[in-house]
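Chemist: Predicted model and sequence follow; I will ask about them next.
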Amino acid sequence: MQKQDRPVAFFDSGLGGLSVLRETVRLLPQENYLYYGDSLHAPYGVKSEAQIQTLSLAAAEHLVNAGAKAIVVACNTATSAAIGLLRQVYPDIPVIGTEPALKPAVEKYPGGRILVMATPMTIRQEKFQALKRQFDDRAQIIGLPCEGLMEFVERGELRGSAVEAYLEEKLAPYLREPVDVIVLGCTHYPFLTGAIRRVVGPGPEIMDGSHGVAMQLERKLAQSGMLRKSGEPGTAVFENSLDEPEILALSRALFQYRDE
Ligand code: DGL
């Protein structure tokens, strides 16, 4: 196998990272992909930093043993808790993280009101707080921890009264004044874009970080001479720590899913 043919390996606490994978495949269709969802240990967003680091190291080790030429941490929570550690342990391959798309949101809506939906862990972490401080004088940024929201996606429940009631309760207090952007700071949430749109109405733009991750991956692969340039479309292999065929079927379905 040529070195460029080795897979780009993604991991997430479950199925959320598939939102990053589908965007990456759009940008880099010729790469081979391996996706590992750690649904057995989901959610990460309410665990301690040490627990998330242990789980992230185990996922990365599995992917490197499977021949990964690069690792995409397709999870904001694992990125905020473990990206530094992962880069220390794997200095020889690109390790790309995912973070809330605050920068593009502030650049597009200077002075705007920006809601960032993410896991409690991501909002609490210094990484997010530092990012927020960087832009605090240029926009009104509100971090909104959404404990319990990723579970809807893990169940494949992307619409319906239960998820919309959750969103209504969570978002209503912030919708009394106009919101310019809702940043989806958890990779599970893009699968709920339609449900979020129904709750917030047509006003706010909904943004996520997946395109930025795909572009960063392309840059890093090109720099290390690992970009697969041939015109042949690559393959995508799905794995999950839950040993159940249903979870792999749901992974494939989400990978194909188009919302709104
Ligand atoms: N998909 C994950 C993220 O981007 C987290 C979900 C969870 O495990 O709590 O933050």
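Modeler: Received it, and whenever you're ready, just let me know what you need. Just so it is clear, the structure is predicted and the values come from calculations on it, not from any experiment.
Chemist: which one is Arg26 nearest to, not counting chain neighbours?
Modeler: Leaving out its chain neighbours, the residue that sits closest to Arg26 by CB to CB, 6 or more residues apart in numbering is Ala214, at 7.5 Å. (C-beta placed from N, C-alpha, C; glycine too.)
Chemist: ditto for Met1
Modeler: Gly67 (7.7 Å).
Chemist: Leu175 now?
Modeler: Spatially, and ignoring its direct neighbours in sequence, Leu175 is nearest to Val200 (6.3 Å; CB to CB, 6+ apart).
Chemist: tell me the contacts of the one you found?
Modeler: Taking CB atoms under 8 Å, 6 or more residues apart in numbering, we find Val200 in contact with 171, 175, 179, 182, 206.
Chemist: Make a PyMOL selection of the buried ones in those residues.
Modeler: In PyMOL syntax, the buried subset of these is picked out as below (16 or more other CB atoms under 10 Å):
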select buried, resi 171+179+182+206
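Chemist: Grab the longest helix from this protein for me.
Modeler: Looking across the chain with DSSP state H, the single longest helix is helix 49-65.
Chemist: And the strands in the stretch 151-260 of the chain, which stretches?
Modeler: 181-184, 205-208, 236-240 (DSSP state E, counting those that start in this stretch).
Chemist: deepest of these, which one?
Modeler: strand 181-184 (a mean of 25; mean count of other CB atoms under 10 Å).
Chemist: in its sheet, what does that strand sit against?
Modeler: strand 113-118 (parallel), strand 205-208 (parallel) (DSSP bridges).
Chemist: what is the rounded mean pLDDT of the last one?
Modeler: Read it as strand 205-208. If you average the pLDDT over strand 205-208, you get 98.
Chemist: do that strand and the ligand meet?
Modeler: No. Using CB under 6 Å from any ligand atom, strand 205-208 stays clear of the ligand, with a minimum separation of 9.6 Å.
Chemist: so how far is that strand off the chain centroid?
Modeler: The chain centroid and the centroid of strand 205-208 are separated by 13 Å under CA atoms, centre = their mean, to the nearest Å.
Chemist: got it, and stretch 64-80?
Modeler: 11 Å.
Chemist: for stretch 191-207, same thing?
Modeler: Relative to its chain's centre, stretch 191-207 lies at 17 Å (CA atoms, centre = their mean).
Chemist: And for stretch 203-222?
Modeler: Offset of stretch 203-222 from its chain centre (CA atoms, centre = their mean): 10 Å.
Chemist: returning to what we had before: check the spacing between the residue nearest to Leu175 and Cys146 real quick.
Modeler: Distance, Val200 to Cys146, using CB to CB, to the nearest Å: 14 Å.
Chemist: cool, and Ala139?
Modeler: Per CB to CB, Ala139 is found 20 Å from Cys146.
Chemist: And the helices in the protein?
Modeler: Under DSSP H, the chain gives helices at 18-27, 49-65, 76-89, 102-108, 120-124, 126-135, 150-154, 161-171, 193-200, 210-223, 245-256.
Chemist: Return the set of buried residues in the fourth one.
Modeler: Burial within helix 102-108, assessed by neighbour count using 16+ other CB under 10 Å, is assigned to 102, 105-106.
Chemist: helices or strands up against that helix?
Modeler: Using 3 or more CB pairs under 8 Å, 6 or more residues apart in numbering; DSSP states H and E as the contact test, the elements touching helix 102-108 are strand 113-118, helix 126-135, strand 181-184, strand 205-208.
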